[in-house]
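A.B. asks: give me the fold of what follows.
(chains A and B)
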Amino acid sequence: MTAPNGPIPLIFEKSSPGSRAADLPPLDVPASPLPQHHLAPQPPALPEVGQLDLVRHYTHLAARNFSVDANFYPLGSCTMKYNPRVNELAAAHPGFTALHPAQDDADVQGALQLLHDLRLWLAEIAGLDEVCLQPCAGAHGEYTALKVIRAYFNDPAAGNAPQRRKVLAPDTAHGTNPASCTMCGTHVIKVPTTQGLVDLDALRRLVDHETAALMITNPNTAGLFDHTVTEIARILHDAGALLYLDGANMNAIVGVSRPGDFGVDIMHFNTHKTFSTPHGCGGPGAGPIAVRSFLSPYLPVPQVRQRLTASPGPRYYLDWDRPKSIGKVRSFFGQFAVLLRCWSYIAACGPRGLRHVAETAVLNANYLAARLRHRYDTPYFDPAARRFCAHEFITVPKPLLAGDVSLTDIAKRLIDFGVHPPTMHWPVHDCLMIEPTESESLATLDHFVEVMLTIAEEALTHPELLKHAPHSPSLGRLDEVAAARNPILAAPDQPAARVQPQPPSLELRNHRPAPPVASAVHPNPSQSAPVFSAGKAGDARPFAGPGRSSR
Amino acid sequence: MDYVQITPEQRRSMLQAIGVESVDDLYANLPPEARLSRPLQLTGLPVGPSELELRAKLDQLAALNRPAAAPGAACFLGFGAYDHFIPAAVDALASQGAFVTAYTPYQAEASQGSLQAFFEFQTQVCRLTGLDVANASLYEGATAVAEAVLMALNITGRRRVLAAATLHPHCLATLRTYLTDLPAELVTVPACASTGAVDTEALTKAVADARGDTAAAVVQSPNVFGILEDWPALFAAAKSASHAAGHPQSLEHPGPLAIAVFNPIAAALFKRPGDCGADIAAAEGQPLGIPLQFGGPYLGLFAARAAFTRKMPGRLVGQTTDPQGRRGFCLTLQTREQHIRGAKATSNICTNQGLLALRATIYLSALGPAGLRDVATQCFHKAHHAAQRIAALPGYSLAYTGDFFHEFVVNCPCPARRLIDAGRQRSVFPGLDCSRLGIGSDRQLLIAVTEKRTQADIDRLVTLLSEVSPS
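C.D. replies: Model (predicted):
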């Protein structure tokens, strides 16, 4: 079953008055009078569709997505690794999904034990003392951690330095770092970087008695291990400030190096990056934070704890009695079903597996960098000079951009080949940040190299192929400028008329127009790679690229 | 199983291609003192790392739970997390790998499935709230309310936030955390002890006391006791009190803003935030096809008037066209966001709750207007039927007189704890101890009744309450 070519009508445009895809049993209790002054005259104008049309609609939409299940997805700094199926099974277990969050601790011992295990595992992986599992995402973990830092310095019995309201961050930091600082009422000061690394002299100049912390990412956002990190920690600690780690890039070092061992005081994890919880089109994630023991009194309530065997009451419990806590940062206690998947992944990998994962992530990135560097400049990667990348690398393809080919053109052309484009323009302008993750097979990596080399060739010989990419039968390149200039953010209230999907002409159905790819000039990249993606090759690829046009 | 596909032999050839001897060489930049020289010590792992062993361990852990919403159990627990019917199509469609394993739709042409679904979601949230613009979702209810308040502070430039004391306590606590360290002040407006609803006079007085510095009035309806608040009267009072104090609302001075915290199921039956004078609406979206799953992940719903679009937090999906004029969708107005604005962003949020927004979209499309209204109406009638029967039992009474939706507080003749414990043998979860929730006494039960509860379930609840002897 494939989706029709061309745009798919909105579910509202498929609405047919009186249709329904779900029903309820009849009311089996006597009706009570409704409070008339609160009543709405009519229900909201939701779509009315039958069940098959509903199923077909969202099946068609799914076919318009690139995903890890179907495509290589080397989106730098996002760690698009494989999301194991068993984790989904675990999260769908009725013994967990049917748990209400306000049930007695005695009723939820399995869930609490799982959270308790995870709390200890993440503390061990971080090399830190205590973990809070509650934050909803990485940015929320950052926010929570900054609140904890503020509370520590505001505590006269501990940090006792309320004037410490400056937070330093490298000029290459994730945008969330400064945004989180603003939400905590702290000032952000940028620390310059040179060659992708924190400028130590500048850091020494900037750190003072008003500095609360430095937020770093290590491996950093340029994809490099910052070998000066222990010196950075020393500079901070000597000045009485703390070192915060954005754990976005933990996939390179789990089991190899622990942030606590290189001087980090507080950090967040991204379970959806490092621990295989699915990205779900942009969430839900989870952003647990780990801290040194002197910061643990300030963590949000509640914390999951284990009772000593002699004490009365259930073995695991939620501890709400934390007088120095910053309070609550969300409802209830965390992204449980996400944390459950995280638990399942760590349990499956075990200590050896986790290290193997990190090493392979680094191996795969260096392999791609080594194979691409002759056509795609890699400013920080040079094996001859013993300069390697961590789990991701930056390429700045300047020579290819010399004509009127833009970075976007290269990215969009990748879509034609069934590859999700890498992260663009970050952390510097006109760069691609490539993160293959440990999940991919060698065949997929090699295929990607061939695609990238093909595109490099096309950029010089057939730039128009790039400029008009993607050449999808269903949709061309979208005008994002127009979308922002004249924002249309919802369907109109009254659809003017029912829009019928345009049935493709017989000719179109039988002969998908080949994209204007000079496949005679360039060998079909997919022919050299027998298996393209981790998923079922071919049938799950939403957009046909050159690999499918040769029918 | 670590899911790595590279074989040892391939590893060797790849190292060769890079020009190094071992993977260790690739970690050359890592200072020795930063290297872990021993294996990680993880306690409580399953016996082995195989899938069979892992699943056995998960079954073992799951068996230690007594899920309130399990088949055969009668679950009357609410407090912001409700056991609603979820059509099978929601699970089936939302668990497709193409949705589960995609990321934020930065590359529009490779993400039309997510983008169109979010556009449909935004449209549905607009229609549920009666407001003009909705984002593609936030983390969950309490943080969505906190973001609404931050937005109001930003828009008005004022400092005082008036929050109804009848907000969900987690919401109130989260709001308190978010406002600490900022130039803002949180004032709670008390509820009337008999109706259980916010007192209009108290709100008017609080606005007057703020002397033109009120950024927002936040009112949840149904509130934490299940009582329907009088949004139109409260919001009008807040605005006119500000006006009377010489601070009229205008485009240049749009304050105080009215923030409605709503229940998306109730929105199918009762007046919507936008119809009641709300400027911003925020909600916990869990009732829309999301399982209880021990409190998360849930879904933050967020909508506002069109004038405030560029001050909104979170992702927004917009409609556009390709060169042939065909409709498509992309993320838009990203200049509000952290990855472009940094410290000046409207929020630090970078993701939405994509998969859960998708679930809500499918749920709402499956139910449709009549189905959702049916869900809301059945919740209402079943809750009122249960409340009437319980109030007729000796020693029991309703704690508040206000109109309610599907949740209510009952005064009990014995500690609520005893009723909860007695329910354990019968798989009846009769409600929550209000003292434990911080919203009442230890002789009060907070009881929620959804459309899933049958008359027989309600009989079991009433029997339980009538049979447990008062102390």
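A.B. asks: going by C-alpha atoms from here, please, whenever you check contacts or count neighbours.
C.D. replies: Fine.
A.B. asks: list the contacts of the residue nearest in space to the middle of chain B.
C.D. replies: By Cα atoms, centre = their mean, chain B has its centre lying nearest to B:Glu284, at 2.3 Å. Listed by Cα atoms under 8 Å, 6 or more residues apart in numbering or on different chains, the contact partners of B:Glu284 are B:Gly80, B:Glu140, B:Gly141, B:Ala142, B:Ala144, B:Phe262, B:Asn263, B:Pro264, B:Tyr298, B:Leu299, B:Gly300, B:Leu301.
A.B. asks: contacting residues for the residue lying closest to A:Val329 once chain neighbours are set aside?
C.D. replies: Of all residues not flanking A:Val329 in the chain, B:Thr174 sits nearest, at 4.9 Å (Cα to Cα, 6 or more residues apart in numbering or on different chains). Contacts for B:Thr174 were tallied using Cα under 8 Å, 6+ apart; they are A:Gly327, A:Lys328, A:Val329, A:Arg330, A:Ser331, B:Ala142, B:Thr143, B:Ala146.
A.B. asks: return the member of these nearest to B:Cys414.
C.D. replies: Of all the contacts of B:Thr174, A:Ser331 has the smallest distance to B:Cys414: 28.9 Å, by Cα to Cα.
A.B. asks: assign the residue nearest to A:Val329 to helix, strand or coil.
C.D. replies: helix (DSSP: H, G, I helix; E, B strand; the rest coil).
A.B. asks: please determine how far it is located from A:Val148.
C.D. replies: Taking Cα to Cα, to the nearest Å as the measure, B:Thr174 and A:Val148 are separated by 14 Å.
A.B. asks: same deal with A:Gln103?
C.D. replies: 28 Å.
A.B. asks: can you check B:Ala197 too?
C.D. replies: For B:Ala197, the distance to A:Val148 - Cα to Cα - is 35 Å.
A.B. asks: check A:Ile8 too.
C.D. replies: A:Ile8 is 47 Å from A:Val148, by Cα to Cα.
A.B. asks: same question for B:Arg127.
C.D. replies: Taken as Cα to Cα, the span from B:Arg127 to A:Val148 is 39 Å.
A.B. asks: same deal with A:Thr79?
C.D. replies: Remark: distance between A:Thr79 and A:Val148 (Cα to Cα) = 27 Å.
A.B. asks: coming back round to it: which non-adjacent residue is nearest the residue nearest to the centre of chain B?
C.D. replies: B:Gly141 (3.7 Å).
A.B. asks: pull the contacting residues for that neighbour.
C.D. replies: A:Arg330, A:Ser331, B:Cys171, B:Ala282, B:Ala283, B:Glu284, B:Gly285, B:Tyr298, B:Leu299, B:Gly300, B:Leu301.
A.B. asks: wasn't the fifth one part of a strand?
C.D. replies: Yes - with three-state DSSP as the criterion, B:Ala283 is located in a strand.
A.B. asks: hmm, it is touching B:Tyr298, no?
C.D. replies: No - using Cα atoms under 8 Å, B:Ala283 is not in contact with B:Tyr298, being 10.5 Å away.
A.B. asks: residue 51 - how many residues pack around it?
C.D. replies: No chain was given, so I picked chain A. 17 (other Cα atoms under 10 Å in any protein chain shown).
A.B. asks: actually it's chain B I care about, not the one you picked
C.D. replies: B:Glu51: 16 neighbours (other Cα under 10 Å).
A.B. asks: worst-scoring helix or strand of the chain, pLDDT-wise?
C.D. replies: I'll assume chain A. When each helix and strand of chain A is scored by mean pLDDT, DSSP states H and E, helix A:546-549 comes last, with a mean of 32.
A.B. asks: wait, chain B was what I had in mind.
C.D. replies: helix B:338-341 (a mean of 73).
A.B. asks: got the domain boundaries for chain A?
C.D. replies: Per the record, chain A has its domains at A:99-334, A:351-477+A:515-546, by automatic domain parsing.
A.B. asks: picking that back up, by neighbour count, which of the contacts of B:Glu284 wins?
C.D. replies: The contacts of B:Glu284, ranked by neighbours (other Cα under 10 Å): first place B:Leu301, 33 neighbours.
A.B. asks: the helix or strand hosting it and chain A in contact?
C.D. replies: Using DSSP states H and E, B:Leu301 falls within strand B:300-304. No - against chain A, strand B:300-304 shows no contacts by Cα under 8 Å from any Cα of the partner chain, the least distance being 10.8 Å.
A.B. asks: so which elements touch that strand?
C.D. replies: helix B:112-129, strand B:133-134, helix B:141-156, strand B:280-284 (3 or more Cα pairs under 8 Å, 6 or more residues apart in numbering or on different chains; DSSP states H and E).
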